[in-house]
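S.K.: The following block contains a protein sequence and its predicted model.
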Amino acid sequence: MSDYVIALDQGTTSTRAIIFDHSGSIVSTGQLEHEQIFPRAGWVEHDPIEIWNNTREVIGQALSKANVTRHDIKAVGITNQRETAVVWDRTTGLPVYNAIVWQDTRTQSIVDRLAKDGGVERFKPIVGLPLATYFAGTKIVWILENVEGARAKAEAGDLLFGTTDSWVLWNLTGGVNGGIHVTDVTNASRTLFMDLETLEWRDDILEAFDVPRSMLPEIKSSSEVYGVVSDSSLLREVPIAGILGDQQAATFGQAAFDQGESKNTYGTGNFLIFNTGEEIVHSKNGLLTTVGYKLGDAAPHYALEGSIAVTGSLIQWLRDNLGIINSAPEVEALATTVDDNGGVYFVPAFSGLFAPYWRSDARGALVGLTRYVNKGHIARAALEATAFQTREVLDAVNADSGVDLTELKVDGGMTANDALMQFQADLLNVPVVRPVVAETTALGAAYAAGLAVGFWANLDELRSNWQESKRWEPNLDVIERERQLRLWKKAVTKTFDWVDGDVL
């Protein structure tokens, strides 16, 4: 078969276009990084115009490398950084402010204000999420309250909101000339506004946030034809038929379609998703309840999620802020210059702590330092932080589900790091398994789009595409494992209560 599906993966650090064939193999890739904007401590922004321009360019890169045209592409799937909020003018097509990224913590005062009536879990029984700076809802409020003229334009119906899937889709389908303003259930479930049972926006919650409903996109399933690409694109007339938030997309790409299946993605942050089937499970252990996927008119599948804010971005921080490595892959070589972490533990609470703690008052801590410690120990502690955080999230999943995982499927860029994956298996005491196609986020979006247009017939066909690439078996003494976990948990407590009235 010479036909293909293209996935647009609009991520936190870059935008990619990846073309897949019928076997789920990568044919070609186009990729461009975009600027990370840090106006103040705790503020993280992206330029939506840069993201859209990069999207158009990476489409061209992927088509050119594969030597194919739009006539060879049967569908477009979109996956995206989920909670990052874009607000733009529907008449000009221009953002009224930079995109406020999911890592941004500027909205804590808005969270506190909303939590005065009912606490941080005020809306959790409905939306599955605690009030936190992480989610898109408070970011919209900040823009309406702080960007001159935004509130008046929003009340007049002139402003649109979207996570970056909606922004890319609106532009792909024509922008000011008839652009389609929709999102899917997985992204909608990350706003604080969507009822998990009805899959509709909640007017009472929008009223509490004082966000006009006219700003919000229409909620659709994860796999259906939303529209076609406009004439201004190299993909003109190709149907756009799949949208999944990045972590749900990675789960779908791992073929974890059924209740009890899970995956862990190692990217800018880490995200462990556990499929709970058609049942909504409310966590008692610090996890989020979210929508896993919805295929057309079929019932939605839900999931528990453990979200970790800083993992891969900690390695970038070692490179960009400290300069102890020149490229991210060098961290493994530096970490293996030492036999252990030298007693050092690195808790990267740069944006507070997400699951299972949800402590916005936390900030990063490097503890256990002595004169013996060198940069190899710090590099090793940084890598180990990813594994420790994952262990804590997995413990919460096991407690909520009542079923212990027997192996962990993994994906994302950091899975290329053998030292990290071995330590992860050691710490979990279960095998860690990586698939042949590690780009499961883009693959999941391609699968959702391909299913909608009949490129793939059903989920069984997608399951047959999954192949194991590598497996790491645990090999750590139980006493040593428990000792390290005890010290990690002790280190985590040192990050608490750092932010007060005088500290950002």
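M.R.: That came through fine. Numbers count the residues shown, from 1 in each chain.
S.K.: Show me which residues of stretch 95-110 are buried.
M.R.: Residues of stretch 95-110 classed as buried by neighbour count (16 or more other CB atoms under 10 Å): 95-108, 110. Yep, even glycine has a C-beta here, placed from its N, CA and C like the rest.
S.K.: end to end, how far does that stretch reach?
M.R.: One end of stretch 95-110 sits 22 Å from the other (CA to CA, to the nearest Å).
S.K.: and that stretch, what's its mean pLDDT?
M.R.: The average pLDDT within stretch 95-110 is 94.
S.K.: Of the buried residues of stretch 95-110, which belong to strands?
M.R.: Members of the buried residues of stretch 95-110 lying in strands (criterion: DSSP state E): 99-100.
S.K.: List just the nearest of the buried residues of stretch 95-110 to Glu35.
M.R.: The closest of those to Glu35 turns out to be Asn98 (CB to CB; 9.9 Å).
S.K.: nearest spatial neighbour of that closest one, skipping sequence neighbours?
M.R.: In space, and not counting its chain neighbours, Asn98 is closest to Glu45: 3.8 Å by CB to CB, 6 or more residues apart in numbering.
S.K.: and that neighbour, how far is that from Asp297?
M.R.: Noted for Glu45: a distance of 38 Å to Asp297, by CB to CB, to the nearest Å.
S.K.: Looking at these two, which has the bigger crowd around it?
M.R.: Using other CB atoms under 10 Å, the more surrounded residue of Glu45 and Asp297 is Glu45, with 18 against 7.
S.K.: And the pLDDT for the more buried one?
M.R.: Glu45 is given a pLDDT of 96.
S.K.: Quick check: it touching Pro39?
M.R.: Yes: shown here, Glu45 and Pro39 form a contact pair, counting by CB atoms under 8 Å, at 6.5 Å.
S.K.: Can you give me the buried ones in whichever strand or helix holds Gly30?
M.R.: Here Gly30 sits within strand 26-33, counting by DSSP states H and E. Buried positions in strand 26-33, judged by neighbour count with 16+ other CB under 10 Å: 26-32.
S.K.: ditto for stretch 488-498
M.R.: 488, 491-492, 494-495, 498.
S.K.: what do you get for stretch 65-82?
M.R.: 66, 68, 70, 72-82.
S.K.: In helices, which of those residues fall?
M.R.: Of the positions in the buried residues of stretch 65-82, Ala66 sit in helices, assigned by DSSP state H.
S.K.: which one of the buried residues of stretch 65-82 is nearest Thr55?
M.R.: Thr55 lies nearest to Ile78 out of these, by CB to CB, at 9.5 Å.
S.K.: Tell me who's in contact with the closest one.
M.R.: Residues counted as contacts of Ile78 (CB atoms under 8 Å, 6 or more residues apart in numbering) are 7-8, 10, 165, 168-169, 240, 242-244, 445.
S.K.: top of those residues by neighbour count?
M.R.: With neighbours taken as other CB under 10 Å, the top of the contacts of Ile78 is Ala445, carrying 38 neighbours.
S.K.: Against Val182, how distant is that residue?
M.R.: For Ala445 relative to Val182 (CB to CB), the value is 15 Å.
S.K.: And for Gly402?
M.R.: 36 Å.
S.K.: These two - which one has more neighbours?
M.R.: More neighbours surround Val182 than the other of Gly402 and Val182, with 21 against 6 (other CB under 10 Å).
S.K.: can you give me the end-to-end distance of stretch 75-95?
M.R.: 27 Å.
S.K.: In terms of secondary structure, what does the longest helix seen in the chain contact?
M.R.: The longest helix of the chain (DSSP H) is helix 375-401. Using 3 or more CB pairs under 8 Å, 6 or more residues apart in numbering; DSSP states H and E, the elements in contact with helix 375-401 are strand 262-266, strand 270-277, strand 301-308, helix 312-317, helix 330-335, strand 345-347, helix 418-428, helix 478-493.
S.K.: quick one: which of the buried residues of stretch 95-110 sit in helices?
M.R.: Using DSSP H, the buried residues of stretch 95-110 in helices are 108, 110.
S.K.: Out of the buried residues of stretch 95-110, which two sit at the greatest distance?
M.R.: For these, the maximum inter-member distance is 23.0 Å, found between Pro95 and Gln108 (CB to CB).
S.K.: Show the contacting residues for the residue nearest to Asp361 when sequence neighbours are not counted.
M.R.: Distance criterion CB to CB, 6+ apart; nearest residue to Asp361, sequence neighbours excluded, is Val499 at 4.4 Å. By CB under 8 Å, 6+ apart, the residues touching Val499 are 108, 352, 360-363.
S.K.: now do 10 Å
M.R.: Shown in contact with Val499 (CB atoms under 10 Å, 6 or more residues apart in numbering): 42, 105, 108, 349, 352, 359-363.
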